[in-house]
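Colleague: With the sequence up front, the predicted model follows.
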Amino acid sequence: MSQPDQPVTRPVEFELHDYGQWQSVAPPAPRPSRWPVYLAAVLILVLGGGGLFVSGFTLGRLDSATPGTSESRQELFRPFWEAYNDITLNYVGELDQRQLVEGAIQGVFEALDDPFSSYMTEEQYRQSLTGLSGEFEGIGANLTVIGPEEETCGDGITLTCRLTVVRVIRNSPAMRAGLLADDVITAVDGEPTLESDITAVVSRIRGPKGSSVTLSLERQGEPLELSIVRDVIQSEDVLSEVLADGRVGYIKVLGFRSGTAVDLREQLRALVEDEDVEALILDLRDDPGGYVDAARRIASEFVATSPLYWEQSATGEPVPQGPEPGGVATDTSIEMVVLVNGGTASASEIVAGALQGNDRALLVGETTYGKGTIQEWKELAGAGGYRLSVRKWLTPDQTWIHGVGLTPDVVVAPPAEQPPGEDVVRDRAVELLLGEAGAFVLPLAA
């Protein structure tokens, strides 16, 4: 059966890396993830948006109306069309032709055996693209279920496992209304949270911009009610603080969204110029990545030399990707350590590789995840869409780390049962930065 040629794609001139709006699962690393204590909750939910698996990508659209078989591929596709026509004409059971087409497309992607290339239905595609900008509608708070130390709490809310605010996002409606970390949410619009689960409660707290929700709280044993007007929230992906009596600046990046690079630049400037820190720690542990463009901009804040990394298409030669000018902390007298582990993936590996490969920082921690591909996303008219691995990214010395990961310069593995409030990896980084003269030595290029 003759079919029209494959549709022509219209590329978009920016690169992205999909990242979830709110999280209930770990990054896509098979290795265990260990967050700092304020993020080591059993389940952390940002109030708004939908979950999204992580992989670097670009965004495009298929313009042609009907996918089909070119003349040159008639013989190759003959068995497919024969089976498809036989099913549609002779199958005696109930038949949904749209499901047949979607199943066929899905099978093509499954045959690639690439976890970062996949077909999605229209609903899955729409949900997956939700939150790529890092914006969502809600109140702006992270919640988890917390119980006594001796009790393991899952998603369920009980008398002992209580729904608790972990963090309130800066400049959010929740912060303006006075919501605080450690507040316990006992009811939403008068409906008790007891005997419910965190996902169901989050869906009740979420809502469109301009609408209100009333939270019944318990704060230090005292009851309290807050009415919060929902708004568009910008995810807070950068946290910073000063360590070692003001000598070391610490920045934690949770993901690479559209606003992450700007937020990091502001907080980095405050550490370098206002706090006048002597050294910096960039924490990329358990950071699943995000926008590839954001990775380049963030790496440019620390590295002024080129290349930061390379990109290579299926048929082309590697192309160097240089830094943007004007980085806040490119002065090499400000020594740096980058913290990594098995949850450091994709865009965060680009940044870690750029700093390590340009001798700007030591990597401290554990071997990273090892995702060296960039995905392109395309929409299929009336049939969902897909993501496809279309490019490799390489380290400054053109090493492809896919399936291997970046090896830290100083290996530090945290204990299996690390006490709350302790962080042996970060402590080791501070020791390296502030140790005896000569203790901090960057690797030499061979």
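Modeller: That came through fine.

Colleague: C-alpha only now, for contacts and for neighbours.
Modeller: Will do.

Colleague: Surely Lys378 is within a helix?
Modeller: No - secondary structure of Lys378, determined by DSSP: H, G, I helix; E, B strand; the rest coil: strand, with no helix assignment.

Colleague: I figured it hits Ser389, correct?
Modeller: No - counting by Cα atoms under 8 Å, Lys378 stays clear of Ser389, with 11.5 Å between them.

Colleague: So for those two, which residues contact both of them?
Modeller: The contact sets of Lys378 and Ser389 do not overlap (Cα atoms under 8 Å, 6 or more residues apart in numbering).

Colleague: the residue most distant from the middle of this structure, which is it?
Modeller: The C-alpha centroid of the chain is most remote from Asn90, which lies 46.6 Å away (Cα atoms, centre = their mean).

Colleague: counting contacts, what elements does the strand or helix carrying Leu339 pack onto?
Modeller: Here Leu339, judged by DSSP states H and E, is contained in strand 335-340. In terms of contacts (3 or more Cα pairs under 8 Å, 6 or more residues apart in numbering; DSSP states H and E), strand 335-340 is packed against strand 279-283, strand 362-365, helix 424-434.

Colleague: Would you list the strands that that strand pairs with, along with their directions?
Modeller: Partners of strand 335-340 in the sheet, by DSSP bridges, are strand 279-283 (parallel), strand 362-365 (parallel).

Colleague: returning to that earlier point: how about the helices and strands packed on strand 335-340, which one is nearest Glu75?
Modeller: Set against Glu75 and scored by Cα to Cα, the helices and strands packed on strand 335-340 come closest in strand 362-365, at 52.5 Å.

Colleague: any idea how far Glu218 lies from Arg206?
Modeller: Going from Glu218 to Arg206 by Cα to Cα, to the nearest Å gives 20 Å.

Colleague: no wait, Pro320
Modeller: 43 Å.

Colleague: of those two, who's got more company?
Modeller: Arg206 (22 against 18; other Cα atoms under 10 Å).

Colleague: Pull the residues that contact the top strand by length along the chain.
Modeller: Counting by DSSP state E, the longest strand found in the chain is strand 385-394. Outside strand 385-394, the residues that touch it by Cα under 8 Å, 6+ apart are 57, 116-122, 125, 309-314, 350, 372-380, 400-401.

Colleague: buried subset of those?
Modeller: 57, 116-122, 125, 309-312, 350, 372-380, 400-401 (16 or more other Cα atoms under 10 Å).

Colleague: Listing request: residues of the protein with sub-threshold pLDDT.
Modeller: For the chain, the stretches with pLDDT under 70 are 1-69, 127, 130-134, 150, 436-446.

Colleague: need the helices for it, in chain order.
Modeller: 74-90, 97-111, 122-129, 173-177, 198-205, 260-269, 292-300, 347-357, 424-434 (DSSP state H).

Colleague: Contact partners for the residue nearest to Arg269 when sequence neighbours are not counted?
Modeller: In space, and not counting its chain neighbours, Arg269 is closest to Val328: 6.2 Å by Cα to Cα, 6 or more residues apart in numbering. Each residue near Val328 by Cα under 8 Å, 6+ apart is listed here: Arg265, Leu268, Arg269, Val272, Glu301, Phe302.

Colleague: What values do phi and psi take at Val328?
Modeller: Backbone geometry at Val328, expressed as degrees, to the nearest 10, gives phi -70, psi -40.

Colleague: Report how many residues lie close to Ser172.
Modeller: Neighbours of Ser172 (other Cα under 10 Å): 22.

Colleague: how about the residue lying closest to it once chain neighbours are set aside, what does it touch?
Modeller: Of all residues not flanking Ser172 in the chain, Gly140 sits nearest, at 5.3 Å (Cα to Cα, 6+ apart). Counting by Cα under 8 Å, 6+ apart, Gly140 touches Val46, Leu47, Val168, Ile169, Ser172, Pro173, Ala174, Met175, Ile233, Ser235.

Colleague: Ok, Asp263 next?
Modeller: Contacts of Asp263 (Cα under 8 Å, 6+ apart): Val238.

Colleague: and the residue nearest to Thr373 when sequence neighbours are not counted, how many neighbours does it have?
Modeller: Among residues not flanking Thr373 along the chain, Lys392 sits closest, at 4.4 Å (Cα to Cα, 6+ apart). The number of residues packed around Lys392, counting by other Cα under 10 Å, is 19.

Colleague: beta partners of Lys392?
Modeller: Under the criterion used (DSSP bridges), Lys392 bridges to Gln312, Thr373.

Colleague: measure it to Gly343 for me?
Modeller: Counting by Cα to Cα, the gap from Lys392 to Gly343 is 19 Å.

Colleague: Surely Glu195 is in contact with Thr160?
Modeller: No - contact criterion Cα under 8 Å: Glu195 and Thr160 do not qualify, at 10.9 Å.
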